[in-house]
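*Asks:* model the structure of this input:
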Amino acid sequence: MVLLAAGASRRMGRPKPFLRRGGLPLLARQLRLADRGLPGLEGRQRVVVTGANRFAVARAAARHGARVCHNPDWRQGMGRSLARGVAALVPGTAVLVLTVDQHLLTAQDLQRLHEAWRRTPWRPAAAVYGPADAPRPGVPAILPAGWRARLLRLSGDRGAAPLLRTAGRRLTRVPLARAAVDADRPEDWPWH
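*Replies:* Predicted coordinates for the structure are as follows:
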């Protein structure tokens, strides 16, 4: 699992990994969510990618038993962060990709994604959300081990989205409406 937590949270005005919901900072919530949604995930398989708030995020991730991978190129966007996180994982394993700010996701959402992916583990499985007439794939997503080389070359702000879009019919689509909600601006965050 790669948890992306490298951004500067400029639009939010404060670091998103430390926004609190349900008594937990989002970073801890997302790690717990991954543990509950995919039982058996061991600490060495949980990587948190740091960037702008490197040391604070690293300390928090370590407290929750996750490995930390710093992306010195975090300003280049989510693609570089995902590539760094994938590089920190053992080759030959699929990758669950989560972002720190999708605060409405549930363990059941991740279980549904995982169950769908297990039927065809050589294909990517991704949440789909957005307008009913044109839902788009995004995170959370489980990317197959065979995609490692492609993932290591990622850059830019779109992460794996371009790869998911080009997967076409080879993509296992899992409708997850809650994945469409993330915390980008203060008005997205009613739990001040």
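
*Asks:* helix, strand or coil for the nearest residue to A52 once chain neighbours are set aside?
*Replies:* Counting by C-beta to C-beta, 6 or more residues apart in numbering, A8 is the residue found nearest to A52 once chain neighbours are left out, at 3.9 Å. All C-beta spots, glycine's among them, are computed from the backbone N, C-alpha and C. Under DSSP: H, G, I helix; E, B strand; the rest coil, A8 falls in the coil class.

*Asks:* next one: L163
*Replies:* Under three-state DSSP, L163 comes out as helix.

*Asks:* and the pLDDT at it?
*Replies:* Confidence at L163, expressed as pLDDT, is 92.

*Asks:* now do G79
*Replies:* G79 carries a pLDDT value of 94.

*Asks:* that one in helix, strand or coil?
*Replies:* Using three-state DSSP, the structure places G79 in helix.

*Asks:* got any ranges where the chain has weak pLDDT?
*Replies:* Counting by pLDDT under 70, the chain contains low-confidence residues at 40-44, 191-192.

*Asks:* quick one: the strands in it?
*Replies:* 2-4, 20-21, 24-25, 47-50, 67-70, 95-99, 125-129, 136-143, 172-175 (DSSP state E).

*Asks:* save these as TSV, and put in distance to L89 and mean neighbour count too.
*Replies:* Converted to TSV, these look like this (distance: least, C-beta to C-beta, whole Å; neighbours: other C-beta atoms under 10 Å):
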stretch	distance to L89	mean neighbour count
strand 2-4	7	26
strand 20-21	27	14
strand 24-25	24	17
strand 47-50	6	26
strand 67-70	9	18
strand 95-99	6	24
strand 125-129	17	24
strand 136-143	11	24
strand 172-175	20	18
